[in-house]
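could you look at this predicted model? Sequence included:
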Amino acid sequence: MDDTILRVDDIQKFYGNKGNLTKAVDHISFSVRKGEFLGIMGSSGSGKTTLLNCISTIDTVTSGHIYVEGKDITTLHGSQLADFRGKKLGFIFQDFNLLDTLTAYENISLALSIAGTKPSEIQKRVPQIAKALNIQEVLNKYPYQMSGGQQQRVAAARAMVTNPAMVLADEPTGALDSNSSRMLLTMLTELNEQLAATILMVTHDAFSASYCHRILFIKDGQVFNELHRGTDTRKDFFAKILEVVSVLGGEQNDLI
């Protein structure tokens, strides 16, 4: 049985015109299996965020194809695109993006409402995801009444409640202190292991990347290297990531 969730097939993304052409993504191909935790690493300007934006349909590819659960998403337009984003993708942002005037329950249920889920199904699913993420006690609280960690989990619940094919995280620890970063990365690991979430995380941080199963290193819009964690401890995997980062060269400080 083919458990491929995502297949990126020879995509390119160019900006500018012939006189001044930037190849942000230059012939990239890879696949992601269901339940995989994939990291995408690279320095600023490497093309990693553009790649994620193409997968999330925020950006359109110049050429090539992207398949999610076998469907070519590069052919979607208008309401089909909105439907795909609402039902197939979950997003985790570094600043949580919770709505201050809504309770945790309302923030989580909003994702289902937008996807057109029946109220009876919403009443069933929100408590289920809250239990899985251990946030039942904050469902009736507003964001300002919660700790940072609780807000993180509410944001993750919102991302997961629609049962998305993939959860996308762009530099999710970028604005967090080390303790909050560890909490978020531990939570992403829980989502991956306990809820079988397929996660794609863009990061320039080797410590964050060490939580992943596999890492694609992007340089100048192309896949420069790939690392599999396998049976390595996170500490050993971290050391291997740093080795690749040193070979990548360039903006060392931006990658560590």
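The structure has been received and is ready for your questions. As the structure is a computational prediction, the values presented were derived from the model and not from experiment.

can you map out the helices along the stretch 151-256 of the chain?
With helices called from DSSP state H, counting those that start in this stretch, the stretch 151-256 of the chain shows them at 178-194, 206-209, 234-248, 252-255.

hey, which of these is tucked in deepest?
helix 206-209 (a mean of 22; mean count of other C-beta atoms under 10 Å). Bear in mind the C-beta positions are built from the backbone N, C-alpha and C, glycine included.

hang on, the earlier thing: now the helices of the stretch 151-256 of the chain as a markdown table including mean pLDDT and distance to residue 200?
Putting the helices of the stretch 151-256 of the chain into a markdown table (pLDDT from 0 to 100; distance: least, C-beta to C-beta, whole Å) gives the following:
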| stretch | mean pLDDT | distance to residue 200 |
| --- | --- | --- |
| helix 178-194 | 88 | 11 |
| helix 206-209 | 94 | 12 |
| helix 234-248 | 93 | 17 |
| helix 252-255 | 46 | 18 |
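
mind putting those helices into a markdown table with distance to residue 45?
Shown next, in a markdown table, are the helices of the stretch 151-256 of the chain (distance: least, C-beta to C-beta, whole Å):
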| stretch | distance to residue 45 |
| --- | --- |
| helix 178-194 | 23 |
| helix 206-209 | 18 |
| helix 234-248 | 13 |
| helix 252-255 | 9 |
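
for residue 151, find the nearest of those.
Comparing the helices of the stretch 151-256 of the chain by their distance to residue 151 (C-beta to C-beta), the top pick is helix 178-194, with 10.1 Å.

and that closest one, what other elements does it pack with?
strand 37-41, helix 148-160, strand 166-170, strand 199-203, helix 206-209 (3 or more C-beta pairs under 8 Å, 6 or more residues apart in numbering; DSSP states H and E).

mind checking pLDDT for the residue lying farthest from the centre of the chain?
Ranked by distance from the centre of the chain (C-alpha atoms, centre = their mean), the top residue is residue 19, with 34.0 Å. Per-residue confidence at residue 19 stands at 81 (pLDDT).

what of the one 5 residues further on?
On pLDDT, residue 24 comes in at 93.

can you tell me the element it falls in?
Per DSSP states H and E: residue 24 is located in strand 20-33.

lowest-confidence helix or strand of this protein?
helix 252-255 (a mean of 46; mean pLDDT, DSSP states H and E).

let me see the ranges of the strands in the stretch 1-150 of the chain.
Listed in chain order, the strands of the stretch 1-150 of the chain (DSSP state E, counting those that start in this stretch) span 4-17, 20-33, 37-41, 63-68, 71-72, 89-92.

for residue 199, which of these is the nearest?
Among those, strand 37-41 sits nearest to residue 199 (C-beta to C-beta), with 4.8 Å.

tell me what angle that closest one forms with strand 4-17.
20 degrees (axes from the mean of the first three to the mean of the last three C-alpha atoms, to 10 degrees).

average pLDDT across strand 37-41?
In this model, strand 37-41 has an average pLDDT of 96.

tell me what it is packed against?
Counting contacts by 3+ C-beta pairs under 8 Å, 6+ apart, strand 37-41 packs against helix 48-55, helix 178-194, strand 199-203, helix 206-209, strand 214-219.
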